[in-house]
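>>> Sequence first, predicted model second:
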Amino acid sequence: MKEPVRVAVTGAAGQIGYSLLFRIAAGDMLGQDQPVILQLLEVTPALKALSGVVMELNDGAFPLLHGIVTSDDPMVAFKDADYALLVGAMPRKAGMERGDLLSANGGIFKPQGEALSEVASRGVKVLVVGNPANTNALIAQQNAPKLDAGQFTAMVRLDHNRAISQLAAKTDSLVSDVKNLTIWGNHSSTQYPDLSQATVGGKKALDLVDQQWYEEEYIPTVAKRGAAIIEARGASSAASAASAAIDHMHDWALGTKDGEWVSMGIPSDGSYGIPEGLIYGFPVTVKGGKYAIVQDLPISDFSRAKMDATAKELEEERDAVRDLGLVK
Ligand SMILES: NC(=O)C1=CN([C@@H]2O[C@H](COP(=O)(O)OP(=O)(O)OC[C@H]3O[C@@H](n4cnc5c(N)ncnc54)[C@H](O)[C@@H]3O)[C@@H](O)[C@H]2O)C=CC1
Ligand SMILES: O=C([O-])CC(=O)C(=O)O
């Protein structure tokens, strides 16, 4: 059996936390041979609710769960954390865009970045789920000078999984038949779910669907799925978001399958002409715990326009949080 690793989760008493923590404890994120110690952060008024979640985690008798720490202090919850899932933030309500949460949630991620910088494991892998996820990841990263910029990532995996599921349904295939689609850009309605390289059962996806369906139905359905769920459920997606967070961290820690890529929000290195530094959804492969952007994919004029539009939105979000003094 391996030594336990420390997994910090913020917003642990929230909706996503209620699904996520049990999946981590069951070994879905880091594997069946990897014990974990959960380090759970909440705001002070939610600590009582969190104590109930801890009772339930204990009642699960998970063999891989070697300890639980709870705190309302990021310096405690992030101490020596090997993985940090930053979920805690206000969710949006019907009629809002995720960017409307910038001022409410932006302030959460500066002190959390500072605390990660001081006390987390030097190799910590950080995933930001709280919306607007890409720009919150940028805020945390910019306030963590003692960590590498690449240690901060944002979740576009829920969009990636939605895109797989919608394509599988349309082509009457299994999700496991769908490979190599990409979510470029922001986790917002400007995201670009790109099928140009995707395959279904080894065939080119764009030969199986018509262009009009792709442009007018598929892309908006994937991009606006979060709003559809809020409309139907009266609350934003939680179990599917937790599942996507598990997938993101699983693949970052344990690697992607040979010949396949996934989408992760990571700091742009200028690849594909995306302004350097933005936390942007890219196609990535992972080996040995390190991700790399898939290079040299052909980019059509249609793709270029979509990729630039979502980059522009991220630049605007960055400028807005710069004005709030949250990033340089
Ligand atoms: N990136 C993505 O694909 C997705 C992102 N989200 C986002 O995830 C976030 C959480 O969603 P839910 O769990 O549904 O919300 P929720 O409201 O059920 O839970 C959020 C929890 O965070 C806690 N919290 C607030 N400020 C905190 C702080 N400074 N430190 C620690 N904990 C704090 C709250 O007390 C609450 O328990 C929202 O911003 C939501 O929009 C949701 C779905 C998908
Ligand atoms: O839509 C929301 O606000 C929650 C979320 O990020 C999603 O479901 O993609």
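All right, it came through fine. Residues are numbered from 1 along each chain as shown. Ligands and ions are numbered 1, 2, ... in the order given.
>>> separation between the residue most central in space within the chain and V87?
Ranked by distance to the mean C-alpha position of the chain (Cα atoms, centre = their mean), the top residue is M155 at 1.5 Å. Going from M155 to V87 by Cβ to Cβ, to the nearest Å gives 9 Å. Just so you know, the C-beta spots here come from the backbone N, C-alpha and C atoms, and that holds for glycine as well.
>>> Quick check: neighbours shared by these two?
129, 245 (Cβ atoms under 8 Å, 6 or more residues apart in numbering).
>>> sorry, back to before: show me what contacts the residue nearest to the centre of the chain?
So M155 contacts 127-129, 133, 187, 241, 244-245, 248, 265 (Cβ under 8 Å, 6+ apart).
>>> Need the residues you listed in JSON lines (columns: pLDDT, secondary structure and distance to ligand 1).
JSON lines is the format used below for these (pLDDT from 0 to 100; DSSP: H, G, I helix; E, B strand; the rest coil; distance: Cβ to the nearest ligand atom, whole Å):
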{"residue": "L127", "pLDDT": "99", "secondary structure": "strand", "distance to ligand 1": "9"}
{"residue": "V128", "pLDDT": "98", "secondary structure": "strand", "distance to ligand 1": "8"}
{"residue": "V129", "pLDDT": "98", "secondary structure": "coil", "distance to ligand 1": "5"}
{"residue": "A133", "pLDDT": "97", "secondary structure": "helix", "distance to ligand 1": "4"}
{"residue": "H187", "pLDDT": "98", "secondary structure": "coil", "distance to ligand 1": "5"}
{"residue": "A241", "pLDDT": "98", "secondary structure": "helix", "distance to ligand 1": "4"}
{"residue": "A244", "pLDDT": "99", "secondary structure": "helix", "distance to ligand 1": "6"}
{"residue": "A245", "pLDDT": "99", "secondary structure": "helix", "distance to ligand 1": "8"}
{"residue": "H248", "pLDDT": "98", "secondary structure": "helix", "distance to ligand 1": "9"}
{"residue": "G265", "pLDDT": "99", "secondary structure": "strand", "distance to ligand 1": "8"}
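>>> one step back: any idea how far S263 is from the residue nearest to the centre of the chain?
To S263, M155 is 10 Å away according to Cβ to Cβ.
>>> same deal with R92?
In this view, R92 and S263 are 21 Å apart by Cβ to Cβ.
>>> Who has more neighbours out of those two?
Between R92 and S263, S263 has the larger neighbour count (other Cβ atoms under 10 Å), namely 26 against 20.
>>> so that one sits in a strand?
Yes: assessed by DSSP: H, G, I helix; E, B strand; the rest coil, S263 belongs to a strand.
>>> That one contacts F282, doesn't it?
Yes: with contact defined as Cβ atoms under 8 Å, S263 reaches F282; the gap is 7.0 Å.
>>> Which neighbours do the two have in common?
Common neighbours of S263 and F282, using Cβ under 8 Å, 6+ apart, are 182, 184.
>>> mind listing what the closest residue to ligand 2 within the chain touches?
Closest to ligand 2 within the chain is G226: 2.2 Å, counting by Cβ to the nearest ligand atom. G226 makes contact with 98, 158, 236-237 under the criterion Cβ under 8 Å, 6+ apart.
>>> Out of these, list just those in helices.
L158 (DSSP state H).
>>> Can you lay out the contacts of G226 as a markdown table showing pLDDT and neighbour count?
Output for these, formatted as a markdown table (pLDDT from 0 to 100; neighbours: other Cβ atoms under 10 Å):
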| residue | pLDDT | neighbour count |
| --- | --- | --- |
| R98 | 89 | 24 |
| L158 | 98 | 25 |
| S236 | 96 | 19 |
| S237 | 97 | 21 |
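>>> And the closest residue in space to V129 that isn't next to it in sequence, how close does it get to ligand 1?
Spatial nearest neighbour of V129, chain neighbours left out: V87 (4.5 Å); criterion: Cβ to Cβ, 6 or more residues apart in numbering. V87 sits 5 Å away from ligand 1 when distances are taken as Cβ to the nearest ligand atom, to the nearest Å.
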